[in-house]
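K.L.:
would you be able to build a 3D model of this:
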Amino acid sequence: MTTRWLTPEEQRAWRAYIGAVHLVEDALDRQLQQEAGMPHMYYSILSTLSESPERRLRMTDLAERLKITRSRLTYAVTRLEKDGLVLRENCHWDKRGSIAALTDEGMTVLEGAAPGHVETVRSVLFDRLSPEQVGQLEEIFSTVTEGFQGDAANTTADDVPWRRRSAKSCS
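P.N.:
The predicted structure is shown next:
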């Protein structure tokens, strides 16, 4: 089998992508830790729940929206639960599943953290791009995401993190 090495252009694009992802994620984590006392992942959970009907989502659906493993989500939700920001409820239509619900306290924390977070996202990413580049960014990463998710019938459990099995996860 022959290795399909990256072209010089692909190598530059790959390294630019990796560098940007690490720097943006670091800036978001630092800002949220300093101003809200939480990592970006926890903010993303609260934000996603706030946008959901009745501020509730089944854990597997939340993992899919966040593009993370169910075990990683379970760990984070357990921590948010201890802080009173999220509640876990039984899923009435599926005894194996559970629901994550954003509490009023969680909504208050999110509302306090959102302005600083949005300003950081704007300053580290969108203020550096033209409107045309913003459209290109969306198109590029939507294409990449769709490529991973593909046809649900043909996607294996290992293709996407929220479908992977873990001995610790029952969400």
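
K.L.:
strands of the chain, start to end?
P.N.:
In the chain, the segments counted as strands under DSSP state E are 56-58, 86-90, 98-102.

K.L.:
just the residues contacting the first one, thanks.
P.N.:
To tie it back to what came earlier, the one meant is strand 56-58. Under the criterion Cβ atoms under 8 Å, 6 or more residues apart in numbering, residues 48-49, 65, 89, 91, 94, 97-102, 171 lie in contact with strand 56-58. In short, each C-beta sits where N, CA and C put it, glycine included.

K.L.:
of the residues you listed, which is the most crowded?
P.N.:
Most neighbours among these, by other Cβ atoms under 10 Å: Ala100, with 29 neighbours.

K.L.:
quick check: which ranges of the protein have low pLDDT?
P.N.:
Residue ranges of the chain with pLDDT under 70: 93-96, 151-171.

K.L.:
correct me, but Ala63 touches Tyr75?
P.N.:
No - the criterion here is Cβ atoms under 8 Å, and Ala63 misses it with Tyr75 at 11.4 Å.

K.L.:
ok, the two, which is more surrounded?
P.N.:
Neighbour count, other Cβ under 10 Å: between Ala63 and Tyr75, Ala63 has more, with 27 against 15.

K.L.:
leaving aside the residues adjacent along the chain, what's closest to the residue most central in space within the chain?
P.N.:
With distances taken as Cα atoms, centre = their mean, Leu66 lies nearest the centre of the chain, 3.2 Å away. Closest residue to Leu66 apart from its sequence neighbours, by Cβ to Cβ, 6 or more residues apart in numbering: Ser44 at 5.8 Å.
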